[in-house]
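# Could you look at this predicted model? Sequence included:
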Number of protein chains: 2
Amino acid sequence: MKHILVIGAGRSASSLIGHLLAEAGKKNWKITVADVSEELVLQKTNGHPSARPLVFDIHNKEQRESEIRLADLVISMLPAFMHKEVAMDCVRFGRHLVTASYVSLEILALDEEAKKAGIILLNEIGLDPGIDHMSAMQVIDRVHEQGGSFQSFRSYCGGLVAPESNDNPWGYKFSWNPRNVILAGQGTAQYIENGAYKYIPYNRLFVQTEKIAVDGVGHFEAYANRDSLSYRKPYSLDHIPTMLRGTLRMPGYCNAWNVFVKLGWTDDTYRIADSAELTYRQLLEAFLPPGPGPVHERLKMFMGHELDEDSLEKLAWLDLFTDRKTGVENASPAMILQHLLEDKWKLKTGDKDMIVMQHQFSYQLKGKNHQLISSLIVKGDDPVQTAMAKTVGLPVAIAAGLILDGVIKLKGVQIPTHREIYEPVMKQLALKDIVFGEKESVS
Amino acid sequence: MKHILVIGAGRSASSLIGHLLAEAGKKNWKITVADVSEELVLQKTNGHPSARPLVFDIHNKEQRESEIRLADLVISMLPAFMHKEVAMDCVRFGRHLVTASYVSLEILALDEEAKKAGIILLNEIGLDPGIDHMSAMQVIDRVHEQGGSFQSFRSYCGGLVAPESNDNPWGYKFSWNPRNVILAGQGTAQYIENGAYKYIPYNRLFVQTEKIAVDGVGHFEAYANRDSLSYRKPYSLDHIPTMLRGTLRMPGYCNAWNVFVKLGWTDDTYRIADSAELTYRQLLEAFLPPGPGPVHERLKMFMGHELDEDSLEKLAWLDLFTDRKTGVENASPAMILQHLLEDKWKLKTGDKDMIVMQHQFSYQLKGKNHQLISSLIVKGDDPVQTAMAKTVGLPVAIAAGLILDGVIKLKGVQIPTHREIYEPVMKQLALKDIVFGEKESVS
């Protein structure tokens, strides 16, 4: 019997735990589901015979060590900054670790020791990062093996709301960490286009967008992700002339979001005086240049040609021009905005979210130019079994199984750009209807 | 005989050390001038009989402790983040400390211990912070004592170039830390106007400026300083309806600087690929949206109505539209910009800088409305004895003398908002022609 310890039983762990439990009988697994919240662990294990619910404090060294020692493999769904202690214990006790988070420098530093301990610290095996790596590498390795060379790789992903549940003017509801949505894009986006490095600072990230069409679900707009350049090396595309990663939103979202950027409402570095007592109208007033007239007219003047009627409607729908109080004590602008949007952009009973991912490759092979578009569309079942929970959690669960089965033999700190990982994981994801459609044209 | 230890003999310490040495004979002082650079300490002490040059490493604990123990009073002109160790030693050995830096939380935490040790840790006694506090408190205390109450306090300061040395289109040359000029204003500026809190994010800080006239030196423009609100309490203006602090620049500077903000050239958080090899034209290209035409035309289109011909001329004068290489390896945009401006905005032999400070008070007294404008203009002698070095260094030197003379008796962590400090310091500054002119109208 193999023991799997899942640390973190929150929103993104639903499908993960569900999959592990469904396989547990056949595979002879014991699944410990650990979280600080007793309610969550009881709910997620739901009396399953292979499951052991565990109230767990990651900062309790003794408990952490003894639980990790008990396990053959640990899955950490904690926030990324909390992985370090877990990873160090895994190395010490020779236990495999799987996470959906970006490899931090701290984790990377454990590579040698993990190899010595004969274990894998597998990271970035969720959706983005995760499925993006695996699906891209399927194409890249195939083309490289055939002798082709890439001119361009553009990759887009969005965690969106399904068209049938899209009943607000923003075309957006939260299916993952709201804070990350509010703070997204701060800094400068970097990519390369036709051999020239390109940079887009935050103040025009949501203006300098592009239109993306995805068969079957229509049109989206995309803004550039922070650092597209760092993906060239792990993807074996070191000298590719064009490489861009972007985030998808419904058309019109970015234009309206740009109002918050320009107002300064996504700043999380200071607290607004008397924040709870302010109405949204007063808050707007506080950020607008002085002048006469009602606040929505002033906002129009302030934004100039950058503000269209659709965006104004989106902002009005958020109650921004009303006397509704923010109700958030000692809050930064970003905290106030998050509080409002968590109310307005909530997935309701019956709502479905939707993941859209699209890779656009251009490559030359045997003297011909190939355009290959590879797209993934996944819809959620409901506000718990979301497309986000499935696409983040299932690759983690599947990879965990493949490690225990000895199919994935790699050791040390890894991300799923290796065929040994992505091939069997993508095969099993296809059984769950997580499968890319390809469309290719040759000229 | 009293010993004064001056740590840091850089640019801003010239007038400070000069003043101490000039007073040393009469006062029976011994002045130790300590710096990592032997050249600097020899140059600044220049064989003066009361001076002792000392090559000094702040990180050498033994040397630091023994030198601080030798002194009766320590002056630290180190960068602010290096004061902590010095302050802790001063508390331990019961030595007074004077700095021109903002009180950090680390320094503030030493208040109790400093009081027990019977010493003062006097900070913020340079120009800004320093002369701004003292000159403001002179007026504020006087009006409060007469029974007046303030409606408005707006305070502006700029370290500029003197009109007779103003020979570049920006009207600006560096007289202090260039890096701080490049990064100035990042975040969100906060102030209060007519009882309403107002916020200006960085992306429009240099657009939302005001015009300020200063008798004798003409017109300036001002952008809001980061946090004007925190000054209300130390100034005893807790409930003032309008309070704003701003930075002065020559008219047109802000409009042109806004191009750098909007391009993203003041970002210091990441490094540009192949930065040294890029020409400024290529660097501009990398930050502009794609499109046809020469780069300066593209920049015009990009900035739209926000870019005037004067600003374009300022940018052209910086060689931005040329094939000049940046020549800075592995640099952030901010580092490249600083490198360029340090070349272009250098004070030349014979150049004079200029400090301009203006306080605008509105207050009610005995049923009348008073408008009081208090202004300071100080010009430098040359590129070494700058107005900046004088206005930063002289208050420090004067306060040090007043502490040793027992005129300043306050203990613990202090800033010069107390009459016991500002009155004698401002009196001595007046002897050095650092004196405010006042203009008042009553209605």
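Yep, that arrived. These numbers come from a predicted model, not from an experiment. Numbers count the residues shown, from 1 in each chain, chains lettered A, B, ... in the order given.
# near chain B, which residues of the stretch 51-200 of chain A?
Counting by C-beta under 8 Å from any C-beta of the partner chain, the residues of the stretch 51-200 of chain A lying close to chain B are A:187-188, A:190, A:193, A:196-200. The C-beta positions use only the backbone N, C-alpha and C, and glycine is treated the same way.
# Specify which member of those is nearest to B:Thr242.
A:Gly187 (34.3 Å; C-beta to C-beta).
# Provide a list of residues in contact with that closest one.
By C-beta atoms under 8 Å, 6 or more residues apart in numbering or on different chains, the contact set of A:Gly187 is A:201-202, A:226, B:267, B:269-270.
# would you turn those into TSV with neighbour count, pLDDT and distance to A:Ile4?
Putting those into TSV (neighbours: other C-beta atoms under 10 Å in any protein chain shown; pLDDT from 0 to 100; distance: C-beta to C-beta, whole Å) gives the following:
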residue	neighbour count	pLDDT	distance to A:Ile4
A:Pro201	22	95	44
A:Tyr202	19	95	41
A:Arg226	20	88	33
B:Asp267	21	96	43
B:Thr269	10	94	39
B:Tyr270	15	95	38
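# could these be laid out in JSON lines, adding distance to A:Pro289?
Output for these, formatted as JSON lines (distance: C-beta to C-beta, whole Å):
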{"residue": "A:Pro201", "distance to A:Pro289": "21"}
{"residue": "A:Tyr202", "distance to A:Pro289": "20"}
{"residue": "A:Arg226", "distance to A:Pro289": "30"}
{"residue": "B:Asp267", "distance to A:Pro289": "25"}
{"residue": "B:Thr269", "distance to A:Pro289": "28"}
{"residue": "B:Tyr270", "distance to A:Pro289": "31"}
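# can you redo those as JSON lines with secondary structure and distance to B:Ser15?
Below are the contacts of A:Gly187 laid out as JSON lines (DSSP: H, G, I helix; E, B strand; the rest coil; distance: C-beta to C-beta, whole Å):
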{"residue": "A:Pro201", "secondary structure": "strand", "distance to B:Ser15": "39"}
{"residue": "A:Tyr202", "secondary structure": "helix", "distance to B:Ser15": "41"}
{"residue": "A:Arg226", "secondary structure": "coil", "distance to B:Ser15": "45"}
{"residue": "B:Asp267", "secondary structure": "coil", "distance to B:Ser15": "35"}
{"residue": "B:Thr269", "secondary structure": "coil", "distance to B:Ser15": "35"}
{"residue": "B:Tyr270", "secondary structure": "coil", "distance to B:Ser15": "38"}
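# Find the closest residue to chain B in the stretch 1-150 of chain A.
Here the stretch 1-150 of chain A gets closest to chain B at one residue, A:Leu105, 15.5 Å apart by C-beta to the nearest C-beta.
# Quickly list the domain ranges of chain A.
Structural domains annotated on chain A: A:2-123, A:131-253+A:349-386+A:438-442, A:257-344, as defined by automatic domain parsing.
# Save those as CSV, and put in distance to B:Val328 too.
Formatted as CSV, these follow (distance: least, C-beta to C-beta, whole Å):
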stretch, distance to B:Val328
domain A:2-123, 25
domain A:131-253+A:349-386+A:438-442, 15
domain A:257-344, 28
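# Tell me which residues are up against stretch A:289-297.
A:281, A:284-285, A:288, A:298, A:301-302, A:312, A:315-316, A:321, B:193, B:198, B:208.
# Of the domains of chain A, which is nearest B:Gly118?
Here domain A:257-344 is closest among those (C-beta to C-beta), at 36.8 Å.
# Count the neighbours of A:Pro383 for me.
A:Pro383 has 19 neighbours, counted by other C-beta atoms under 10 Å in any protein chain shown.
# again with the one 4 residues further on
Neighbourhood size, A:Ala387 [other C-beta under 10 Å]: 26.
# Hmm, it is touching A:Lys352, no?
Yes - using C-beta atoms under 8 Å, A:Ala387 is in contact with A:Lys352, at 7.5 Å.
# Now do the shared contacts for these two.
Common contacts of A:Ala387 and A:Lys352 (C-beta under 8 Å, 6+ apart): A:162, A:379-380.
# And the residue of the stretch 251-400 of chain A that's closest to chain B?
Closest contact between the stretch 251-400 of chain A and chain B, by C-beta to the nearest C-beta, is at A:Gly264 (2.8 Å).
# Identify the residues contacting the spatially closest residue to that residue that is not a sequence neighbour.
What sits nearest to A:Gly264 in space, not counting adjacent residues and going by C-beta to C-beta, 6 or more residues apart in numbering or on different chains, is B:Pro201, at 2.8 Å. Contact analysis of B:Pro201 by C-beta under 8 Å, 6+ apart lists A:262-264, A:267, A:287, B:187-189.
# List the beta-bridge partners for B:Pro201.
Applying DSSP bridges to B:Pro201 gives these bridge partners: B:Thr188.
# and the gap between it and A:Asp267?
Here B:Pro201 is placed at a distance of 6 Å from A:Asp267 (C-beta to C-beta, to the nearest Å).
# Now do the shared contacts for the two.
B:187-188.
# And the next helix or strand past the lengthiest helix in chain A?
Secondary structure of chain A read by DSSP state H shows that its longest helix is helix A:387-404. Next helix or strand after helix A:387-404 toward the C-terminus (DSSP states H and E): strand A:412-414.
# Parallel or antiparallel, which strands does that next one pair with?
Next to strand A:412-414 in the sheet, as set by DSSP bridges, lie strand A:120-122 (parallel).
# For chain B, what is the nearest residue in the stretch 101-250 of chain A?
Counting by C-beta to the nearest C-beta, the stretch 101-250 of chain A gets nearest chain B through A:Pro201, at 2.8 Å.
# Show me the shaky parts of the stretch 51-200 of chain A.
Within the stretch 51-200 of chain A, the set of residues satisfying pLDDT under 70 is empty.
# Weed out the non-buried ones from the residues of the stretch 51-200 of chain A next to chain B.
Among these, those buried by neighbour count (16 or more other C-beta atoms under 10 Å in any protein chain shown) are A:188, A:190, A:193, A:197-200.
# Narrow those residues to those in strands?
Of these, the ones assigned to strands by DSSP state E are A:188, A:190, A:193, A:197-200.
# can you redo these as a markdown table with distance to A:Lys26?
Output for these, formatted as a markdown table (distance: C-beta to C-beta, whole Å):
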| residue | distance to A:Lys26 |
| --- | --- |
| A:Thr188 | 49 |
| A:Gln190 | 46 |
| A:Glu193 | 49 |
| A:Tyr197 | 51 |
| A:Lys198 | 50 |
| A:Tyr199 | 51 |
| A:Ile200 | 49 |
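# And A:Gln186, its phi and psi?
A:Gln186 has phi and psi values of phi -70, psi 140 when expressed as degrees, to the nearest 10.
# Correction: the previous question concerned A:Asp308.
phi -100, psi 170.
# Hmm, it is touching A:Cys254, no?
No - A:Asp308 lies out of contact with A:Cys254 (C-beta under 8 Å); the separation is 11.6 Å.
# Have a look at those two and say which one is more surrounded.
A count of neighbours by other C-beta under 10 Å puts A:Cys254 above the other of A:Asp308 and A:Cys254, at 21 against 14.
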